[in-house]
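> one predicted model, sequence on top.
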Amino acid sequence: CTTGSTRAAMPFGISINLFGEKNTEEAQQESAKDLVRAWQRKLRTEARGTERSIREIEREEEKIKKQCKDLASKKGDPKSIQLLAKSLVRSKKAKERLYTSRAVMQSAEAELGSMAATMRLASSMTKSAEVMGQMNSLVQVPEIQESMASMRREMIRAGLVDEIIEESMEGLDAPEMEEEAEEEVDRVLEELAIDASMRMSASRPQAGYAAAGVPAAPAAQLAARTGALATEAG
């Protein structure tokens with residue numbers, strides 16, 4: 001008869017002893033601490049990845065701005081200029097979302113650290129409303145949704161947070177975001193020092209489309225690339 005202890009598989013390669021002589025309160029506490037520390041490491045990694053995504057978006061933004069200015073100086077296609085300006089609006093919103101997410105991840109990581117430092121034998125894994133709120137916020141960010149949803153499921157299984165209904169994750173107000181992008185095109189062009197007549201044409205490309213002097217395809221492709229980064233970074 002083999003006398004080994006039974007262990008349960010947990011995330012990030014951590015296992016918790018369920019039976020056997022080492023299944024003491026102290027062992028349970030250490031296992032819970034290991035799990036919390038693993039979540040901390042994962043959050044730090046995700047935060048660094050978010051920072052890299054922000055830098056990548058900013059590099060693409062510089063390309064877009066240069067393309068937009070070049071088109072405007074050559075009295076180029078207003079529709080292309082509009083597409084470029086709208087992609088800048090979207091990338092700005094994506095950066096704001098990523099900056100906020102990074103701050104939330106850092107806050108959650110600090111909260112987990114505090115929890116690990118104060119764990120008591122009688123309650124090795126107690127529910128945290130603060131961490132639950134932070135994770136519920138993070139799973140709604142498209143760029144990190146998959147990894148954060150996976151981590152939250154692990155927290156639910158470990159008893160750190162409560163399971164919630166996923167209704168709040170439905171949709172990301174894409175039509176509303178599109179409408180806001182339309183409204184901000186002129187402001188973006190003004191920031192790029194595009195002259196008033198070209199801004200008017202770009203804001204209403206149908207009215208000035210006949211003045212096109214540069215094919216729309218290259219600008220549209222560059223705008224699409226930045227748009228993809230803004231929605232898939234992470």
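On my side now, so go ahead. Note that this is a predicted model, so its numbers are computed, not measured.
> what mean pLDDT does the top helix by length along the chain get?
For the chain, the helix with the greatest residue count under DSSP state H is helix 25-73. Taken as a whole, helix 25-73 carries a mean pLDDT of 88.
> state the next helix or strand along the chain beyond it.
Along the chain past helix 25-73, the next helix or strand (assigned with DSSP states H and E) turns out to be helix 78-117.
> flag every buried residue along that next one.
78-95, 97-98, 101-102, 104-105, 108-109, 111-112, 115-116 (16 or more other Cβ atoms under 10 Å). The C-beta positions use only the backbone N, C-alpha and C, and glycine is treated the same way.
> so which residues make contact with the next helix-or-strand element following that helix?
Next helix or strand after helix 78-117 toward the C-terminus (DSSP H and E): helix 129-138. Helix 129-138 is touched from outside by 101, 104-105, 107-108, 111-112, 115, 144, 148, 151-152, 155, 160-162, 164, 168, with contacts defined as Cβ atoms under 8 Å, 6 or more residues apart in numbering.
> who does whichever helix or strand comes after helix 129-138 touch, helix- and strand-wise?
Per DSSP H and E, the first helix or strand lying C-terminal to helix 129-138 is helix 145-158. Taking 3 or more Cβ pairs under 8 Å, 6 or more residues apart in numbering; DSSP states H and E as the contact definition, the neighbouring helices and strands of helix 145-158 are helix 25-73, helix 129-138.
> would you indicate which residues of helix 145-158 are buried?
Applying a neighbour-count criterion of 16+ other Cβ under 10 Å, one finds Ser147, Met148, Met151, Arg152, Glu154, Met155, Ala158 buried in helix 145-158.
> where's the dip in pLDDT among those residues?
The lowest pLDDT within the buried residues of helix 145-158 belongs to Ala158, which sits at 84.
> quick check: that one touching Leu35?
Yes - with contact defined as Cβ atoms under 8 Å, Ala158 counts as touching Leu35 (6.0 Å).
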